[in-house]
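J.: take a look and give me a structure for this.
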Amino acid sequence: MQRTSYLEIWHDQQQYGNHTEAVVSNAILGKENTFSVGIDYNWVRFQHTNNSPNSNSSFVPLDNPNPGNFIYPPFSTPQFRSYAHHHSEFFEDRFVVNRFVSLVAGARLDSYHIDRRDLRVGGSANRTFNPVNWRGGIVVSPRSNLSLYGQYATATDGVSTLLTLSPEQQLFDLTPGNQVEVGVKRSFMNGHAELTVAGYRVVKRKLLIPNPDNPTIQQQVGQQSSRGVETTFAFMPMPELRIEANASVLHATFDNFTETVSGALVVRDGRTPPNVPQQTFDVWTTWNFRPAWRVQGGLRVIGSRYLQNANTGTTPAYGIVDASIGRRLTESTSLDVRAGNIFDKQYLQCREAIRLRPPEAASARLERSK
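T.: As a prediction, the model looks like this:
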């Protein structure tokens, strides 16, 4: 079997930033109101070093594989350096209509300036993005241990990590999205158990995916969406033990996507994007078995996924077991030893299904200060 891709990659990153937020609580029309406003600032210097292009290859017998050695040259040299200046202004307001109903709204204005400089052949490219996003929601709490919520939110992402955008990728617009979500959260057994159930629909536009004829070239999808249900359950049978489980079922589709395959246009509307599992499940246990000592373990199960935009092949489902043990040394310091995939299984890599935020996070935001 031929082995290729002898690539070596180094990243060097420096970052400085500040987050400032002010919260004001007062009464409006005799109703409780909490208003927060703030600014974020970040400056990042990022340098990428690699040994590409590297055309070295070797042959390894399937019946007696030999790890061998990494093949040089070429040796790694800096490829590009990027600078990112990011500042944002945001606000959020929570208005208590009565003891059962609260309204939440917020908005955020971001400004990203990316400056990329090629360190091998010279040249530079820069781009500024100014996305504006907002959200609004309602929380209804008929009882102290029961909350129902609904929200609408928008979000914007880069077609890739902003710091690593190539000059060609800088020409693409940002990826806008919106999410509608409703859910219910309840605690019971005198606070020893919590259950959250959420249903959602997420729509994202202008996503980049590889061209099937040439994976090194990317193409932009008109629109992709997913809808699903996610459930989170937490159980604390004793103060030292916490068991958490999460399960989700979703259906993701291309809503507007036509690609070129071997010179012909093919419509993929209604197909499922590749590498998106339709079902996921995980369970995680935390046990503080002694003062200052903690052991954790869990199972992650990933459902089957399609391999191509045409949905002609799938991967099998699989599960991974992780564990860790930790000790608190001081009030501000702890030591953890973690083992990932402790049964040393290898699986095809997958990306997460499109999601703006998990339901428990959304519920927590909407219930803040409740």
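J.: now residue 293, nearest residue through space, not along the chain?
T.: Leaving aside its chain neighbours, residue 293 sits nearest to residue 327 (5.4 Å; criterion: CB to CB, 6 or more residues apart in numbering). In this view, the C-beta of every residue, glycine as well, is placed from N, C-alpha and C.
J.: isn't that neighbour right up against residue 295?
T.: No - judged on CB atoms under 8 Å, residue 327 makes no contact with residue 295 at a distance of 10.1 Å.
J.: just to revisit the earlier point, the helix or strand hosting the residue nearest to residue 293 packs against which elements?
T.: Using DSSP states H and E, residue 327 sits within strand 318-328. Applying 3 or more CB pairs under 8 Å, 6 or more residues apart in numbering; DSSP states H and E, one finds that strand 318-328 makes contact with strand 293-302, strand 334-339.
J.: got a list of contacts for the last one?
T.: So the one you mean is strand 334-339. For strand 334-339, the surrounding residues in contact (CB atoms under 8 Å, 6 or more residues apart in numbering) are 322-329.
J.: gap between the residue nearest to residue 135 when sequence neighbours are not counted and residue 233?
T.: Spatial nearest neighbour of residue 135, chain neighbours left out: residue 153 (3.7 Å); criterion: CB to CB, 6+ apart. The gap separating residue 153 from residue 233 is 24 Å, by CB to CB, to the nearest Å.
J.: mind listing what's buried along the longest strand seen in the chain?
T.: Longest strand of the chain, by residue count under DSSP state E: strand 214-238. Under the neighbour-count criterion of 16 or more other CB atoms under 10 Å, strand 214-238 has 218-219, 221, 223-226, 228, 230-232, 234, 236 buried.
J.: can I get those residues in TSV with distance to residue 135 and pLDDT?
T.: Converted to TSV, those look like this (distance: CB to CB, whole Å; pLDDT from 0 to 100):
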residue	distance to residue 135	pLDDT
218	29	71
219	30	72
221	24	79
223	20	91
224	21	91
225	18	94
226	18	94
228	19	96
230	18	96
231	22	97
232	20	96
234	25	96
236	31	95
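J.: pick out the most distant pair among those.
T.: Greatest spatial distance among these (CB to CB): 219 and 236, at 48.1 Å.
J.: list the strands paired with the strand holding residue 327, with their directions.
T.: Sheet partners assigned to strand 318-328 using DSSP bridges are listed as strand 293-302 (antiparallel), strand 334-339 (antiparallel).
J.: right, so those strands: which one is the most enclosed?
T.: Stretch with highest mean neighbour count among the strands paired with strand 318-328: strand 293-302 (a mean of 16; mean count of other CB atoms under 10 Å).
J.: just the CA atoms of that one, as CSV, please.
T.: The C-alpha trace of strand 293-302 is given here as CSV (Å, rounded to 0.1, in the frame of the first residue of the first chain):
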residue,chain,number,x,y,z
TRP,A,293,-10.6,13.8,44.0
ARG,A,294,-12.8,13.3,40.9
VAL,A,295,-13.1,10.5,38.3
GLN,A,296,-15.1,10.9,35.1
GLY,A,297,-16.0,8.5,32.3
GLY,A,298,-18.4,8.5,29.3
LEU,A,299,-19.5,7.0,26.1
ARG,A,300,-20.1,8.8,22.8
VAL,A,301,-22.2,7.1,20.1
ILE,A,302,-22.2,8.6,16.5
